[in-house]
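Enquirer: how would this look folded up:
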Amino acid sequence: MYGAGKYYVWKTTDCDELKGWQIFGEDGKMIGEGILWNFGADGSAELGCRILPEYHGNGYGKKAFGAIADFAEKSLNLKLWARCFRQNKSSEKMILASGFEEFKSDDTFHYFERNAKI
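Expert: Alright, predicted model coming up:
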């Protein structure tokens, strides 16, 4: 379990293709999920996070995304990347606030790496 204060993250899924976490709010209700997937032979993985709409704007995504990223880098030794739809400014803000930098974009997505060397 990771987190402090208003949220906590509990690891629930662990297999070769996916590692997943449930995200809980201060009221103990599950408010979202975080996943590591798209594992690469180079030691990379994609990090994703979804928070239920009624909990948006409270910082849960930023805190959980950052906590999972820290765990994945330190404990699993993964090089992380993330993406979001170009129009999803909230996700873009969350990803950037978690130490990621954009390294490319296309017609659909922005792509980010953590501690990218641009």
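Enquirer: distance from the chain centre to the strand or helix carrying Glu73, please.
Expert: Per DSSP states H and E, Glu73 falls inside helix 60-75. Put simply, helix 60-75 sits 6 Å off its chain's centre (CA atoms, centre = their mean, to the nearest Å).
Enquirer: swap in stretch 58-69?
Expert: With CA atoms, centre = their mean, you get 7 Å for stretch 58-69.
Enquirer: pull the residues that contact it.
Expert: 2-3, 6-7, 9, 21, 23, 25, 31-32, 34, 36, 47, 49, 51, 80, 90-91, 94-95, 97-100, 114 (CB atoms under 8 Å, 6 or more residues apart in numbering). Glycine gets a C-beta too; all of them are placed from N, C-alpha and C.
Enquirer: and the helix holding Glu73, what's buried?
Expert: 60-69, 71-73 (16 or more other CB atoms under 10 Å).
Enquirer: low-confidence stretches in the protein?
Expert: Applying pLDDT under 70 to the chain flags the ranges 1-16, 116-118.
Enquirer: is it possible to get TSV of the buried residues of helix 60-75 that adds distance to Glu17?
Expert: Listed next are those as TSV, based on distance: CB to CB, whole Å:
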residue	distance to Glu17
Tyr60	25
Gly61	23
Lys62	26
Lys63	26
Ala64	21
Phe65	20
Gly66	23
Ala67	22
Ile68	17
Ala69	19
Phe71	18
Ala72	15
Glu73	20
